[in-house]
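> next input, structure requested:
(one chain, ligands or ions: 3)
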Amino acid sequence: MLFGTEILTTAQMRAIESDAMASGGVSGVQLMQRAGAAVAGQIRLRWPKPGRVTVLCGPGNNGGDGYVIARLLARTDWQVRVLGMDNEPGPDAAEMKRCWQKAGPILPLTRAELRRNEADIYVDAIFGTGLTRPPVGEIAEVLDYLGGSDGDDGHVRQRLVTVDCPSGLCMDSGAFLGKPRQPSADDLHARLTITFDSPKPGHLLERGPACCGELVVADIGLHDWRVRASGPEQDHRTAHLTAIWPRFRVPDARRPAAAQGIWAEWLEKREGSGGHKFSHGHAMVLAGPPGHGGAARLAARAALRVGAGLVTICPPGAAMIEHAGPPDALMRRAVDDATALSDLLQDQRIGALCIGPGCGVERARELLPPLLDSGRACVLDADALTALAAMGWNGLHDRCVLTPHGGEFSRLFPDLAERLAARPDHGPALSKLDATREAARRSGAVVLLKGPDTVIAAPPRRDKPNATGHAVIHSAFDIPWLATAGAGDVLAGIIAGLLARGLTPLTAASLGSFLHGATARGIGPGLIADDLPDRIPGAFLDLVP
Ligand SMILES: NC(=O)C1=CN([C@@H]2O[C@H](COP(=O)(O)OP(=O)(O)OC[C@H]3O[C@@H](n4cnc5c(N)ncnc54)[C@H](O)[C@@H]3O)[C@@H](O)[C@H]2O)[C@@H](O)CC1
Ligand SMILES: Nc1ncnc2c1ncn2[C@@H]1O[C@H](COP(=O)(O)OP(=O)(O)O)[C@@H](O)[C@H]1O
Ligand SMILES: [K+]
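Ligands and ions are numbered 1, 2, ... in the order given. Next up, the predicted model:
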């Protein structure tokens, strides 16, 4: 079972909207009115005293939402200025535009007009899911102004509310079309973004979290069609959000799913497997040469803390002395070479292995073949990934979890990393989600690409090789202090421990990321990786429904 809040690509969102409208259950205008009302409602909630608002309306349905917002705010005593385009949008937006024109004028959507009057709030309803190419000309200038490139020190961004997303952001990738993928000070930053029905990948990836500001997901009544579209025979279901990011609001009815799902996984394993320590799984962490033991010990301690029944750390004999200290619960066993590992793996009770943290590339290269031949569930991290990049995919299988950070990913999948770094010229741009899924497909393993926007992707099912596998995005933008030496080693150990307990690789990687992030949130700034394993029990307790 996967957990988290479902997210939809823009294509899936459009498909669900079309299904809903084709069913006759709801019209396009009704959806637009609900969308506009949700935004106007959020504005009134945050700015209860009516003031001056400038609504910027683009050429499509995002602009249509803008005309609804303008009308609803004008009704509640806001002084509304609308800047719009001189075009005939699709029928729904055209109707909303006409409705607004009965209440007030539409001024030209130009930078000069925008600068003419100050407003308390700016509403960006220029582009949403329909963005296909980089904004140019007058619209690009308007967006630059809103982004603060005018030297106004970002004064607008504190007052910028965006409809569906900051205009110019590709909602599938979180990249700004036509701009470098690195952060730039003049990227359009909103204080608040209201999106509809479900988050889209671009809200959670790359520039999305920083530029959307607080993200509110408003219900516009598409639930029944979303559920139908994500049934087992449909391919609409894509990725699941696994963390509730503090600035991220989902409709209340969908909020508890994450925590309860995780807790249920845990109980299921505990109660289904009886009381013996071996029935809770035996994890092995392959440690490296003398002087490099810390990383593997962090991993081993984390594997114990997530409830593996036994954990053994396996350094070469020459490094054994380094591992004499606590925790006493940890077992030690020397593994000097590939033959010793093969012999050890005759013990079928060893359920999962972790290789990479502090292992040394040469040793990883030697130990990987017998480890992979054994077919055991395993986590390949750090030095094991560097070794793998030189060895190729032979022997990898769907019980392997690869946990690269960006640098390791580019050694393993240089072409994908290069495409991911390139300036996107049209939408939808290749996303971190797409790249991780492709990496999982090529390697046949679960791939967890680390970062503030961790993506975890499973390879396609064997019976559906052309379908995309399940994927999970774990958002950790609110915990930058997790980017500290050794945090990745702890994550590898957590996942190995969960694999030993019998969780599927995708669930172990997703739940592992969630626990890792939740633990870091509980500790706060100042965290060092050593703190993480021993605080995992607290993160578990927070999951009790
Ligand atoms: N379809 C629906 O029923 C609903 C749509 N909603 C709103 O509609 C939005 C999507 O509407 P659209 O599909 O009309 O798309 P948008 O309103 O995002 O705008 C795209 C329009 O601009 C054009 N365009 C794209 N890139 C451009 C560029 N760089 N320069 C100039 N023009 C460009 C496109 O050809 C299209 O006409 C959503 O983001 C959401 O705000 C909501 O009202 C909810 C219901
Ligand atoms: N900016 C960030 N915000 C939150 N988490 C991050 C950020 N950057 C990296 N991380 C997370 O921190 C951990 C660092 O892992 P890694 O790069 O492997 O470090 P190490 O090898 O030192 O253990 C990963 O879990 C990663 O997802
Ligand atoms: K917008």
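> for the helix or strand hosting Val161, packing partners?
Element membership for Val161, per DSSP states H and E: strand 160-163. Packing partners of strand 160-163 (3 or more CB pairs under 8 Å, 6 or more residues apart in numbering; DSSP states H and E): helix 28-46, helix 61-75, strand 121-125, strand 192-196. To be clear about C-beta, it is placed using only N, CA and C from the backbone, and glycine gets the same treatment.
> give me that answer again for 6 Å
strand 121-125 (3 or more CB pairs under 6 Å, 6 or more residues apart in numbering; DSSP states H and E).
> sheet-wise, list the partners of the strand it packs on with their directions.
Paired with strand 121-125 in the same sheet, following DSSP bridges, are strand 52-57 (parallel), strand 160-163 (parallel).
> and those strands, which is most packed in?
strand 160-163 (a mean of 28; mean count of other CB atoms under 10 Å).
> next, give phi and psi for the residue nearest to the spatial centre of the chain.
Centroid-nearest residue in the chain: Ile473, 2.7 Å away (criterion: CA atoms, centre = their mean). Main-chain torsions, Ile473, degrees, to the nearest 10: phi -110, psi 130.
> my guess is it contacts Leu204. True?
Yes: with contact defined as CB atoms under 6 Å, Ile473 reaches Leu204; the gap is 4.9 Å.
> what strand or helix carries whatever residue of the stretch 401-545 of the chain ends up closest to ligand 2?
Residue of the stretch 401-545 of the chain nearest ligand 2, by CB to the nearest ligand atom: Gly488 (2.1 Å). Here Gly488 sits within helix 487-500, counting by DSSP H and E.
> give the other helices and strands that that helix contacts.
Where contact means 3+ CB pairs under 6 Å, 6+ apart, helix 487-500 is packed against strand 282-286, helix 293-305, strand 350-355, strand 377-380, helix 505-523.
> quick one on the thing from earlier: quick one: the residue of the stretch 401-545 of the chain closest to ligand 2 from Gly406, how far?
Going from Gly488 to Gly406 by CB to CB, to the nearest Å gives 12 Å.
> those two: which has the busier surroundings?
Gly488 (25 against 13; other CB atoms under 10 Å).
> picking that back up, next, format the strands paired with strand 121-125 as TSV and append distance to Val447 and mean pLDDT.
Shown next, in TSV, are the strands paired with strand 121-125 (distance: least, CB to CB, whole Å; pLDDT from 0 to 100):
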stretch	distance to Val447	mean pLDDT
strand 52-57	40	98
strand 160-163	32	98
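> with respect to ligand 1, which of the ones you listed lies nearest?
Taking CB to the nearest ligand atom, strand 160-163 is the member of the strands paired with strand 121-125 nearest to ligand 1, at 5.2 Å.
> thought Arg52 was touching Gln79?
Yes: if you go by CB under 6 Å, Arg52 and Gln79 touch, sitting 4.6 Å apart.
> and the nearest residue to Ala20 once chain neighbours are set aside, what does it touch?
Excluding the flanking residues, the one nearest Ala20 by CB to CB, 6 or more residues apart in numbering is Trp225, at 4.4 Å. Residues near Trp225 by CB atoms under 6 Å, 6 or more residues apart in numbering: 16, 19-20.
> can we see that at 10 Å?
15-23, 25-26, 197, 236 (CB atoms under 10 Å, 6 or more residues apart in numbering).
> tell me which of those residues fall in helices.
15-22 (DSSP state H).
> got a ChimeraX select line for the buried ones in those residues?
In ChimeraX, a selection of the buried entries from those looks like this (16 or more other CB atoms under 10 Å):
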select :15,16,17,19,20,21
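> please report phi then psi for Gly291.
When quoted as degrees, to the nearest 10, the phi and psi of Gly291 stand at phi 90, psi 0.
> quick check: which element contains Asp343?
Going by DSSP H and E, Asp343 is in helix 338-344.
> list the contacts of that helix.
Residues outside helix 338-344 that contact it (CB under 10 Å, 6+ apart) are 284, 286, 312, 314, 316-317, 333-335, 350, 353, 355, 363, 365-371, 373-374.
> buried stuff in that helix?
Using 16+ other CB under 10 Å as the test for burial, helix 338-344 gives 338, 340-342, 344.
> stretch 80-98 now?
Those would be 80-85, 89, 92-93, 95-97, for stretch 80-98 by 16+ other CB under 10 Å.
> which one of those is nearest Pro134?
Met85 (17.0 Å; CB to CB).
> surely that closest one and Gly58 touch.
Yes: the criterion here is CB atoms under 10 Å, and Met85 meets it with Gly58 at 6.5 Å.
> quickly list what's touching both of those two.
Counting by CB under 10 Å, 6+ apart, the common neighbours of Met85 and Gly58 are 109, 126, 139.
> would Arg437 count as being in a strand?
No: remark: Arg437 does not belong to a strand; assigned using DSSP: H, G, I helix; E, B strand; the rest coil, it is helix.
> what are the phi and psi values for the residue lying closest to it once chain neighbours are set aside?
Excluding the flanking residues, the one nearest Arg437 by CB to CB, 6+ apart is Ala457, at 4.4 Å. Ala457 adopts backbone torsions of phi -130, psi 140, taken as degrees, to the nearest 10.
> quickly list what Ala457 is bridged to.
Per DSSP bridges, the residues bridged to Ala457 are Val447, Ala471.
> any idea how far it is from Arg115?
45 Å.
> okay, the two: which has more neighbours?
For Ala457 versus Arg115, neighbours defined as other CB under 10 Å are more numerous around Ala457 (29 against 12).
> where along the stretch 101-250 of the chain do the strands fall?
For the stretch 101-250 of the chain, applying DSSP state E, counting those that start in this stretch gives strands covering 107-108, 121-125, 160-163, 192-196, 214-218, 239-241, 248-249.
> show me what the fifth one is packed against.
Meaning strand 214-218. helix 28-46, strand 160-163, strand 192-196, helix 201-204, strand 248-249 (3 or more CB pairs under 10 Å, 6 or more residues apart in numbering; DSSP states H and E).
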